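1. all I have is the shape, not the residue letters:
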């Protein structure tokens, strides 16, 4: 899928300074922001835009929470509904280019977003902007990661 290819091509991009650098500025421009802003949502919006899917109003997609509000496949606590013993023949919950969100109790809101590019029994394989090697929400680059399904707040399908 083209969106996955675009996301994977960004793996390895690193900030230069705090939430800055040529690529980060490009991601932020896709949602009408300048350098210095947190950019996980802007990165994802940029991936979709480069893949020919324009989500408007663009500025709202700078917020990770915007990605969690529509096109919900499941919400936290609903994983049992996808248990193979309950649903015959299910191999995968996600589809390539689905969006995942993470909720942070300390923020009392969704605070991080990324793209799902694969899945195993316990985790989603993801690509994420503005994260780090340890999975932090405010990181310094674009990384490919594994996210335990149990911590995912929502899985959303924005691809038409």
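-> Arrived safely, thanks for sending. On a predicted model such as this, the values are computed, not experimentally measured, just so you know.
2. rounded mean pLDDT for the host helix or strand of residue 8, please.
-> In the assignment (DSSP states H and E), residue 8 maps to helix 2-10. This predicted structure assigns helix 2-10 an average pLDDT of 98.
3. just checking, what's the longest helix in the protein?
-> helix 40-50 (DSSP state H).
4. what number of residues lie near the residue nearest to residue 51 when sequence neighbours are not counted?
-> Distance criterion Cβ to Cβ, 6 or more residues apart in numbering; nearest residue to residue 51, sequence neighbours excluded, is residue 3 at 4.4 Å. (Glycine included, C-beta is placed from N, CA and C.) Burial measure for residue 3: 22 neighbouring residues, criterion other Cβ atoms under 10 Å.
5. for residue 160, same thing?
-> 5.
6. residue contacts, it?
-> residue 53 (Cβ atoms under 8 Å, 6 or more residues apart in numbering).
7. so which residue is smack in the middle of this protein?
-> Central residue check for the chain by Cα atoms, centre = their mean: the C-alpha nearest the mean position is that of residue 114, 1.1 Å away.
8. and the pLDDT for it?
-> Per-residue pLDDT puts residue 114 at 97.
9. ok, it - contacts?
-> Residue 114 sits next to 40, 44, 99-100, 126-129, 131, 145, 147 when contact means Cβ under 8 Å, 6+ apart.
10. what about residue 114, which SS state?
-> When classified by DSSP: H, G, I helix; E, B strand; the rest coil, residue 114 comes out as strand.
11. which non-adjacent residue is nearest it?
-> Spatial nearest neighbour of residue 114, chain neighbours left out: residue 128 (3.4 Å); criterion: Cβ to Cβ, 6+ apart.
12. what's around residue 54, how many residues?
-> Should you count by other Cβ under 10 Å, residue 54 turns out to have 10 residues around it.
13. state the helix or strand in which it lies.
-> Element membership of residue 54 [criterion: DSSP H and E] is none; it lies in no helix or strand.
14. would you mind measuring from it to residue 95?
-> As defined by Cβ to Cβ, to the nearest Å, residue 54 lies at a distance of 20 Å from residue 95.
15. for this protein, name the helix or strand with the lowest mean pLDDT.
-> For the chain, counting by mean pLDDT, DSSP states H and E, strand 72-75 ranks last in confidence among helices and strands (a mean of 88).
16. report the angle between the following helix or strand past that strand and helix 40-50.
-> If you walk from strand 72-75 toward the C-terminus, the next helix or strand you reach (DSSP H and E) is strand 99-104. Inter-element angle recorded for strand 99-104 and helix 40-50: 170 degrees (by axes from the mean of the first three to the mean of the last three Cα atoms, to 10 degrees).
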